[in-house]
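Colleague: I'd like to go over a predicted model; first the sequence, then the structure.
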Amino acid sequence: MKVVHLAYSDGGGGGAFKAAYRIHRGLAERGVQSVMLVSKRTTGDHSVHDSGSAAGRLLSELATSVDAAPWRILRARRSGFSSLAWIGTGAVRRARAMMPDIVQLHWICAGFIRLEALAELNYPLVWRLPDMWAMAGAEHYVGNDRRYRDGYSAQTRPAGEHGVDLNRWVWRRKRRIYARLPNLTIVAPSQWLARCARESLLLRDRRIEVIPTGQDVEIFRPIPKRVARETLRLPTQAKLIMTAATQLADQRKGLTYLLQALESLRGRGYRLLLLGDPPRAPLPLPVDAHWLGRLNDDVALALAYSAADVFVAPSTQENLANTVMEAMACGVPSVAFDIGGMPDIVRPGVNGYLAAPFSADELAQGIVSILESGEIYYRLSGAARQTVERDFSASLQAQRYEALYEEILRAQQLPAQLARC
């Protein structure tokens, strides 16, 4: 069985890319012939291929900028991170040349694949949804907008929006192209995203499976806190509250709620550990903070997580957060809002705390309940690690994908076998 994965990148810059690469590596370790085609290659893995030339890489970079240009040129309203997918690279052509049995799609935006090119993939397609883009317009997360369920039309457009409706344009292209993809299977990493897909006009008639994101539990493992803190030059006695996001300024990541929660916890001696690209404007930090910037190396990430006492993910909309799983694999209990895929992994009183959306007071209560739990903390920490080992390991994820591929290929071969009888 030969599987070709299409993903914008094989790591660095986001959890979706790391997740795609882990699936690829997990399948290869199981003996599956797995190849990955990307626009931006960050690993030295010889089974991962980009355009293959300096000129091709330059064109890929240019495609990323050109794909976003209509937002600026047309001065269209852009809500959060959005992708038009109207331009692409030669990835689909290269995938076809490899003659795969299965093609798996991951995060394919930023000028990597033009939507219309998907119809050229005449193979069984498995699309792992890293976010809501496949079922929405151009948006990767829709917030309170329900057009992904009701359809994008002039009547359903949010009040106050004017000008070219690029979200509607992208959604209509998807509807047209998806009709030409008869062998498309959807995989959602969380129960929440699967429910959204089943509600959506674009995907509700497709086969939709849930395969949770898997983590490398050998790299992401508990490291003694003193060792982790001394290595990173962090205070050894303080109680450290950690949060992480590629872009901490992204409103969807909810840093404002965490800062509000910490405002009420002044005087307790807690400190904040921040991981990711900082906002351009200075943050109103109510407690002392330590900035680690962006860490793309998994060993360094494991050290950072292990240095923390609690991990907080205050996102307002989230699939199944890699950061939460990585932290828990390192034995760090987590606090999050009870939204999206968080309930799939954070179990109140067992390995963390779920706060009511979007209460900063409850977020603060959850932080205190873990940091001041005494001997119970070690039970929470152990359970966090056990949850990931048991239900969210990379090896289990690869096993589930391989089983899905085999089932899809058997179903495809059955009509031919019956015709010969």
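Modeller: Arrived safely.

Colleague: Run through who's touching stretch 399-413.
Modeller: By C-beta atoms under 8 Å, 6 or more residues apart in numbering, the surrounding residues in contact with stretch 399-413 are 1, 3, 23, 26-27, 30, 32, 101-102, 104, 124, 126, 183, 185, 187, 209, 211. Just so you know, the C-beta spots here come from the backbone N, C-alpha and C atoms, and that holds for glycine as well.

Colleague: Now, the residues you listed that are in strands?
Modeller: Taking DSSP state E as the definition of strands, the contacts of stretch 399-413 contribute Val3, Ile102, Gln104, Val126, Thr185, Val187, Glu209.

Colleague: Please parse this structure into its domains.
Modeller: 2-214+394-420, 225-391 (automatic domain parsing).

Colleague: My read is that Met242 contacts Leu301, right?
Modeller: No: between Met242 and Leu301 there is no contact under C-beta atoms under 8 Å: 11.0 Å.

Colleague: among the contacts of stretch 399-413, which ones are buried?
Modeller: Buried by 16 or more other C-beta atoms under 10 Å: 3, 23, 26-27, 32, 101-102, 104, 124, 126, 183, 185, 187, 209, 211, out of the contacts of stretch 399-413.

Colleague: Closest to Gly90 out of these?
Modeller: Nearest to Gly90 out of the buried ones among the contacts of stretch 399-413 is Gln104 (C-beta to C-beta; 18.2 Å).

Colleague: After whichever strand or helix holds Gly276, which helix or strand is next? Please name it.
Modeller: Following DSSP states H and E, one finds Gly276 within strand 270-277. The first helix or strand that comes after strand 270-277 along the chain, using DSSP H and E, is strand 289-291.

Colleague: Helices of the stretch 51-200 of the chain, start to end?
Modeller: Here the stretch 51-200 of the chain has its helices, by DSSP state H, counting those that start in this stretch, at 54-73, 91-97, 147-150, 166-178, 191-199.

Colleague: Of these, give the one that comes closest to Ser83.
Modeller: helix 54-73 (7.0 Å).

Colleague: what's in contact with the closest one?
Modeller: 39-40, 50-51, 76, 78, 82-90, 109-112, 164, 166.

Colleague: Just the buried residues of these.
Modeller: For those, buried by 16+ other C-beta under 10 Å: 39-40, 50-51, 76, 82-90, 109-112, 166.

Colleague: Let me see the contact set for Ala360.
Modeller: Going by C-beta under 8 Å, 6+ apart, Ala360 touches Tyr257, Leu258, Gln260, Ala261, Glu263, Ser264.

Colleague: need the residues you listed in CSV with distance to Ser153, can you?
Modeller: Listed next are those as CSV, based on distance: C-beta to C-beta, whole Å:
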residue, distance to Ser153
Tyr257, 33
Leu258, 37
Gln260, 37
Ala261, 40
Glu263, 43
Ser264, 44
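
Colleague: Please identify which of those residues is nearest to Arg271.
Modeller: Leu258 (13.1 Å).

Colleague: isn't the closest one right next to Thr243, touching?
Modeller: Yes: with contact defined as C-beta under 8 Å, Leu258 reaches Thr243; the gap is 5.7 Å.

Colleague: okay, and the common contacts of those two?
Modeller: Contacts common to Leu258 and Thr243, judged by C-beta under 8 Å, 6+ apart, are Val312, Pro314.

Colleague: Which helix or strand contains Ala364?
Modeller: Assigned by DSSP H and E, Ala364 falls within helix 360-371.

Colleague: my bad, should have said Gly382
Modeller: Secondary structure (DSSP H and E) places Gly382 in helix 376-391.

Colleague: contact partners of that helix?
Modeller: With contacts defined as C-beta under 8 Å, 6+ apart, helix 376-391 is touched by 212, 215, 217, 220-222, 309, 325, 327-334, 345, 347, 350-352, 370-371, 373.

Colleague: Looking at strand pairing, list the partners for Ala244.
Modeller: Leu275 (DSSP bridges).

Colleague: Could you count how many residues lie near it?
Modeller: 27 (other C-beta atoms under 10 Å).

Colleague: Looking at the residue lying closest to Tyr353 once chain neighbours are set aside now. What's its pLDDT?
Modeller: Nearest non-adjacent residue to Tyr353, counting by C-beta to C-beta, 6 or more residues apart in numbering: Gly366, 3.4 Å away. On the pLDDT scale, Gly366 is placed at 98.

Colleague: Gly13 now?
Modeller: If you check Gly13, the pLDDT there is 69.

Colleague: Next: Ala197.
Modeller: At Ala197, pLDDT is 98.

Colleague: so Met36 is in which element?
Modeller: Element membership for Met36 (DSSP H and E) is strand 33-37.

Colleague: these two touch, right, Val4 and Pro100?
Modeller: Yes: Val4 is in contact with Pro100 according to C-beta under 8 Å; the separation is 4.1 Å.

Colleague: Which of the two has more residues huddled nearby?
Modeller: Taking neighbours as other C-beta under 10 Å, Val4 and Pro100 compare with Val4 leading, 26 against 20.

Colleague: and that one, what is it in contact with?
Modeller: Val35, Met36, Leu37, Ala95, Met98, Pro100, Ile102, Val103, Gln104.

Colleague: partner residues bridging it?
Modeller: Beta-bridge partners of Val4, as defined by DSSP bridges: Val35, Val103.

Colleague: Share the number of residues neighbouring Leu74, please.
Modeller: Leu74 has 11 neighbours, counted by other C-beta under 10 Å.

Colleague: nearest spatial neighbour of it, skipping sequence neighbours?
Modeller: Nearest to Leu74 is Val164, by C-beta to C-beta, 6+ apart, at 4.7 Å.

Colleague: I'd like the distance between that neighbour and Tyr148.
Modeller: As for Val164, its distance to Tyr148 is 19 Å (criterion: C-beta to C-beta, to the nearest Å).

Colleague: Pro282 now?
Modeller: If you go by C-beta to C-beta, the gap between Pro282 and Tyr148 works out to 36 Å.

Colleague: Of those two, which one has the most company?
Modeller: Tyr148 (24 against 7).

Colleague: mind listing what the more buried one touches?
Modeller: By C-beta under 8 Å, 6+ apart, the contact list for Tyr148 reads Met132, Met135, Ala136, Gly137, Val142, Cys196, Glu199, Ser200, Leu201, Leu202.
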